[in-house]
Each structure stands twice: as C-alpha cells, then as structure tokens.
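> Take this sequence and fold it.
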Amino acid sequence: MTNSFIIKRIVENEDGIFGTIIIEHKIIGFTLELPWRMNEEYISCIPAGTYKYKKYYSEKFNRECINIINVFSRKDVEMHPGNIITDTNGCILPGLKTGKYKNLNAVLDSNKCLDLILSMLEPTGLVQIIDI
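Take a look at the predicted model:
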C-alpha cells in the first residue's frame, strides 16, 4: 500500500477534462472532471496542486470514497463513482477505461476503478493533481 497518488490531466474537450491515475509509477485508471471555471464551487474542477486525502464512507454513494481535503474555497470534493460530466458537481470521477456512455466521452467501470484505488492506498495521504 502507498499513501500517495497522482492525477495527471491530459486532455480537455466539450465533455470535460480527462486524466490518468498514477499509483506507484503505473497508470491504473483514468479520471473525468469538470472544465476549469475559476474554481467555482459545483461547476469547476479543482486547481492543480497537492492535497491531503482520506478514505471515508459516503452515505450518498453507499460505499467507500476518497475525500480531497483543504481545497481552497471548496468543500466536499471527492473521488466517487460516475461516468459522464453530469455525474459530478466538481468532484473527480475514476474509471478503468475511457469510452462512450449516453453518446458522451466517459470514464467506464468507475466502481471497479475506485475499488482498485482504495485497495492500493493507505487510509490517509497525499494526492498530486497535475495540469495539462
């Protein structure tokens, strides 16, 4: 297990910002985030930077998720399951692969990817988000 991971943003299009999830120097999945909109809560991705994370149980998703802590001017930023941009209000969606869902570019197998991430991470640590 490790106490850190990286999200490297790689492309932005009309369906959001797509990136990779890197744990112990290996790409283990992909991410989808909202476009940058000046860090506006609920409509923007979070700024690039290094943040603390903690695993926690989400009642909304009825499962364990990852809380991204101390994001400037934001609260309740999570990595939680979802496939398309309408599944997030500023959080990070993980997927094992990318593809199409409801005619939109998407991350797929989100729950499986989140399970994999959780199995590789310590309960608390750091996440580094790197911009395009």
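> Please determine how far the most centrally placed residue in the chain is located from Gly16.
Per C-alpha atoms, centre = their mean, the C-alpha nearest to the average position across the chain is that of Ile92, at 2.7 Å. Separation of Ile92 from Gly16 (C-beta to C-beta, to the nearest Å): 11 Å. In this view, the C-beta of every residue, glycine as well, is placed from N, C-alpha and C.
> for Asp131, same thing?
For Asp131, the distance to Gly16 - C-beta to C-beta - is 14 Å.
> so what's in contact with Ile92 and Gly16 at the same time?
Contact with both Ile92 and Gly16 is made by residues 32-33, according to C-beta atoms under 8 Å, 6 or more residues apart in numbering.
> Is Phe30 in contact with Gly99, as I believe?
No - counting by C-beta atoms under 8 Å, Phe30 does not reach Gly99; the two are 9.9 Å apart.
> who has more neighbours, these two?
Legend: neighbour count by other C-beta atoms under 10 Å for Phe30 and Gly99, higher for Phe30 (24 against 13).
> what does the host helix or strand of Leu93 contact?
Per DSSP states H and E, Leu93 falls inside strand 93-95. Contacts with strand 93-95, where a contact means C-beta under 8 Å, 6+ apart, come from 21, 29-33, 79-83, 87, 106-110, 113-114, 117.
> Wasn't Ala106 part of a strand?
Yes - counting by DSSP: H, G, I helix; E, B strand; the rest coil, Ala106 is part of a strand.
> beta partners of it?
Beta-bridge pairing of Ala106 under DSSP bridges involves Gly99.
> how about the helices in this protein?
With DSSP state H as the criterion, the chain has helices at 110-120.
> for it, which strand is longest?
Across the chain, the longest stretch assigned as strand under DSSP state E is strand 2-13.
> now it: how far from the chain's centre is it?
8 Å (C-alpha atoms, centre = their mean, to the nearest Å).
> what helices or strands is that strand leaning on?
In terms of contacts (3 or more C-beta pairs under 8 Å, 6 or more residues apart in numbering; DSSP states H and E), strand 2-13 is packed against strand 16-23, strand 26-33, helix 110-120, strand 121-130.
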